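Chemist: here is a sequence with its predicted model. Questions after.
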Amino acid sequence: MLTIGLAILLIVLGLLAIPLGLNYRVNWRGRFQGDIRLIWLFGLVRLRMPGNETTASQPKPKSRRARRHRPRRKRKTHPLAAWQLRPFRQRLIRFGQDLWQAIHKRDVRVQLRIGLDDPADTGQLWALMGPLAALAGVSQSVNIAIQPDFNQSTFEFDSSGRIRLIPLQLIGLSLGLLLSPSFWQGLRRMRKAG
């Protein structure tokens, strides 16, 4: 029984070590649209993922007995509060660098327009994202353009490209982040600030 379990584990790890290709073109302007194609097992497996939100769920007809629901109070979180913690910030930056190096990119283009409710928060976000976008765009195969919007809360995203990654490597990086005490410390601070 132990040998069967070990053999299954080795097979799963072997399959996760096979590179996964992703050719995509996606955008978000109020709703998601995109064309995503996965290529795996050295081209033997090719999948096209649906990328249009319009084919999603249809509204369900209302029943005769409509339940009265009290509006649920959402717990607010403040992401910038966690960023003020130096260990959290360093851990996320290291995770981002490791992730960036683990993904092989070709002809990647990213255009992002973002604005928060408060112009000061947008400025803080831009102070973080501007230099990161400049560093990420140093590669010849990647073109990143980020435009802040200080007037209104907005999020527009348009991207296309071809990337190749090894799933096992990404799982290892993500587990390293999730097992990091500084990551959880930042999440707790984010909840308290909200």
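Modeler: Structure's in. What do you need?

Chemist: when you work out contacts or count neighbours from here on, use the C-alpha atoms and nothing else.
Modeler: Noted.

Chemist: what about the strands in the protein?
Modeler: For the chain, the strands defined by DSSP state E cover 20-28, 32-40, 45-49, 104-115, 142-148, 154-165.

Chemist: any chance of these in a markdown table, plus distance to residue 190?
Modeler: Output for those, formatted as a markdown table (distance: least, Cα to Cα, whole Å):
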| stretch | distance to residue 190 |
| --- | --- |
| strand 20-28 | 26 |
| strand 32-40 | 27 |
| strand 45-49 | 34 |
| strand 104-115 | 20 |
| strand 142-148 | 23 |
| strand 154-165 | 21 |
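
Chemist: tabulate those in CSV, adding columns for mean neighbour count.
Modeler: Converted to CSV, the strands of the chain look like this (neighbours: other Cα atoms under 10 Å):
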stretch, mean neighbour count
strand 20-28, 18
strand 32-40, 17
strand 45-49, 12
strand 104-115, 17
strand 142-148, 16
strand 154-165, 17
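
Chemist: lowest-confidence stretch among those?
Modeler: Least confident of the strands of the chain, judged by mean pLDDT, is strand 142-148 with a mean of 84.

Chemist: that strand pairs with which strands, parallel or anti?
Modeler: strand 104-115 (parallel) (DSSP bridges).

Chemist: next, the angle strand 154-165 makes with the partner strand.
Modeler: Between strand 104-115 and strand 154-165, the angle comes out at 170 degrees (axes from the mean of the first three to the mean of the last three Cα atoms, to 10 degrees).

Chemist: now strand 104-115: how far from the chain's centre is it?
Modeler: Centroid separation between strand 104-115 and its chain, computed with Cα atoms, centre = their mean, to the nearest Å, is 12 Å.

Chemist: please tell me how far residue 12 sits from residue 5.
Modeler: Per Cα to Cα, to the nearest Å, residue 12 is found 11 Å from residue 5.

Chemist: now the helices for the protein?
Modeler: Using DSSP state H, the helices of the chain run over 2-16, 79-83, 86-102, 119-136, 167-178, 181-193.

Chemist: dump these into CSV; add distance to residue 37, mean neighbour count and mean pLDDT as well.
Modeler: Output for these, formatted as CSV (distance: least, Cα to Cα, whole Å; neighbours: other Cα atoms under 10 Å; pLDDT from 0 to 100):
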stretch, distance to residue 37, mean neighbour count, mean pLDDT
helix 2-16, 18, 11, 93
helix 79-83, 32, 18, 74
helix 86-102, 20, 15, 90
helix 119-136, 24, 14, 79
helix 167-178, 16, 14, 94
helix 181-193, 32, 17, 86
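
Chemist: dump those helices into a markdown table; add distance to residue 157 as well.
Modeler: Formatted as a markdown table, the helices of the chain follow (distance: least, Cα to Cα, whole Å):
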| stretch | distance to residue 157 |
| --- | --- |
| helix 2-16 | 29 |
| helix 79-83 | 20 |
| helix 86-102 | 19 |
| helix 119-136 | 14 |
| helix 167-178 | 23 |
| helix 181-193 | 25 |
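
Chemist: so which of these gets nearest residue 110?
Modeler: Residue 110 lies closest, by Cα to Cα, to one member of the helices of the chain: helix 119-136, at 9.7 Å.

Chemist: that concludes my questions; thank you for your assistance.
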